[in-house]
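# task: produce atomic coordinates for the following.
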Amino acid sequence: MRVVLQRSKEAKVTVNGEVTGQITSGLVLLVGVTHDDNEADAAYLADKIVNLRIFEDEQGKMNLSLLDVGGEVLSISQFTLYGDCRKGRRPSFIEAARPEQAVKIYDVFNRLLSEKGVKVETGIFGAMMDVQLVNDGPVTLIIESKH
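Residues are numbered from 1 along each chain as shown. All right, here's what the predicted structure looks like:
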């Protein structure tokens, strides 16, 4: 699994003009799933993300986690994170998991985040979505379950 994480002051996702997910302060997660990902990958990333110390403490140091600050998550499925642009002009998406596999892992990932006490909002898997966010920092990280 691959997640692009962005610290956000506010964010929302709309599908066909309708808001399907919205958060105040927290993280926007763009979530990609590849062929050999499983529930262990989802568990690893959920734990890593909620405990990453990327929010500022009273001294202005990144020392607090999402759990510490009571932040929320806007989770967006994004198969294009596994796009390969090394050859030609059109990305290849053969490393992205098939939708029927990816949606299962994506749903497990979101459930695990919720079970850790985080409010999780989402878009609609596989839909064309408009995502708006106000970056905080900006702080942007790429996290993968495989090393």
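
# okay, now stretch 78-95: how far is its last residue from its first?
12 Å (CA to CA, to the nearest Å).

# okay, buried residues for it please.
78-79, 81-82 (16 or more other CB atoms under 10 Å). Placement of C-beta: from N, CA and C, glycine included.

# which of those residues sit farthest apart?
Farthest apart among the buried residues of stretch 78-95 by CB to CB are 78 and 82. That separation is 9.0 Å.

# between the two, which contacts overlap?
residue 32 (CB atoms under 8 Å, 6 or more residues apart in numbering).

# next up, phi/psi of residue 82, please.
Note on residue 82: its backbone torsions stand at phi -100, psi 20 [degrees, to the nearest 10].

# wait, it sits on residue 35?
No. Using CB atoms under 8 Å, residue 82 makes no contact with residue 35, being 9.1 Å away.

# contacting residues for the residue nearest the centre of the chain?
Nearest to the geometric centre of the chain sits residue 29, at 2.0 Å (CA atoms, centre = their mean). Residues in contact with residue 29 (CB under 8 Å, 6+ apart) are 3-6, 49, 73-76.

# ok, what's across the strand from the nearest residue to it once chain neighbours are set aside?
Nearest non-adjacent residue to residue 29, counting by CB to CB, 6 or more residues apart in numbering: residue 75, 4.7 Å away. Taking DSSP bridges, one finds residue 29, residue 122 as the beta-bridge partners of residue 75.

# surely residue 31 is in a strand?
Yes. Looking at residue 31 with DSSP: H, G, I helix; E, B strand; the rest coil, it is inside a strand.

# that one touches residue 76, doesn't it?
Yes. With contact defined as CB under 8 Å, residue 31 counts as touching residue 76 (6.6 Å).
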